[in-house]
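>>> quick check, what structure comes out for this input:
(chains A, B and C)
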Amino acid sequence: MDKRISNSQEAEVRKGPWTMEEDLILINYITNHGEGVWNNVARSAGLNRTGKSCRLRWLNYLRPDVRRGNITPEEQHLIMELHARWGNRWSKIARQLPGRTDNEIKNFWRTRIQKKLKHGEPFGVQNVMLTDEASTSTTQVNTTTDEGAQPGAYTHMHDEQQTANPDGMISEFSTESSDNFWTVDDFWSMPSLNGD
DNA sequence: AAGGATGCCAACCGCTGCGGG
DNA sequence: GCCCGCAGCGGTTGGCATCCT
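Coordinates of the predicted model:
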């Protein structure tokens, strides 16, 4: 993604995956100063990112209250209901699902539900939910539930925090945090974030 | 075991609406 | 009323992990 960015460009505005250092800087800055104007956040924090990029990263990934991982059947139900009512108003739908981001819901819809609709399966909350449960459960068994399916943001990062209960709820973040396995949650347990 | 296909998600892009000067 | 900058939104893309043959 960012591979075609020249060095000179990169010195101005970085694109592509966020690094651990950038995340730390952003979290630290927002913790101490609040969100404010995103372009200022990017500049003041010393990040060579656009305000847009910072905002997106914060909202979709770094926010302490963001829930990631399995969408519960209840949430699926709600998403389908709200989508039927509002259409692709992802941000609006996301507001009804605390901790979920519009991006996540959008991705969920596209990868799970839209796929089913394409295959001609009848559009029904019950139907999609049940079949989706079945399909995801089988695939997730093969992929050791949920973990490891995605690299998170960093090539060296594990998304171990996506530890799900059988009912799909995020139960607890993994405490595993060795040199190469750390999580966003680790950020929030860092003492330096609580003051500067 | 290797290579291709598929699934999933993070991040970017472009557009729109809004508020301030 | 117009212009500009910003925030927010939805669509799209790129890349990694896993599955399948």
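>>> count of residues packed around the residue lying closest to A:K106 once chain neighbours are set aside?
Using Cβ to Cβ, 6 or more residues apart in numbering and skipping residues adjacent in sequence, the residue nearest A:K106 is A:W90, 4.6 Å away. No exception for glycine: its C-beta is placed from N, CA and C like everyone else's. A count of nearby residues for A:W90, using other Cβ atoms under 10 Å, gives 22.
>>> please name the residues that touch A:W90.
A:D102, A:N103, A:I105, A:K106, A:W109 (Cβ atoms under 8 Å, 6 or more residues apart in numbering).
>>> quick one: which of the residues you listed sit in helices?
Using DSSP state H, A:D102, A:N103, A:I105, A:K106 are the members of the contacts of A:W90 that sit in helices.
>>> report the residue spans of chain A with pLDDT below the cut-off.
A:1-12, A:115-186, A:190-196 (pLDDT under 70).
>>> could you rerun that using 50?
A:1-10, A:123, A:125, A:128-181 (pLDDT under 50).
>>> would you state the helices of it in chain order?
A:7-12, A:20-33, A:38-44, A:51-57, A:73-86, A:90-95, A:102-108, A:114-118, A:125-142, A:184-188.
>>> returning to what we had before: biggest separation within the ones in helices among the contacts of A:W90, which pair?
For the ones in helices among the contacts of A:W90, the maximum inter-member distance is 7.4 Å, found between A:N103 and A:I105 (Cβ to Cβ).
>>> show me which of the two is the more surrounded one.
Counted by other Cβ under 10 Å, A:N103 and A:I105 do not tie: A:I105 has more neighbours, with 22 against 15.
>>> OK, contacts around the more buried one?
A:I79, A:W90, A:I93, A:A94, A:L97.
>>> how near is the fourth one to DNA strand C?
To tie it back to what came earlier, the one meant is A:A94. Look at A:A94 and DNA strand C: by Cβ to the nearest atom of the strand, to the nearest Å, they are 7 Å apart.
>>> that residue touches A:N107, doesn't it?
No - here A:A94 lies out of contact with A:N107, judged by Cβ atoms under 8 Å, at a distance of 11.5 Å.
>>> ok, these two, which is more surrounded?
A:A94 (20 against 12).
>>> and that one, what does it touch?
Taking Cβ under 8 Å, 6+ apart as the test, what A:A94 contacts is A:R100, A:T101, A:D102, A:E104, A:I105.
>>> distance of the second one relative to A:D65?
Same thing as A:T101. 11 Å (Cβ to Cβ, to the nearest Å).
>>> the two - which one has more neighbours?
A:T101 (20 against 6).
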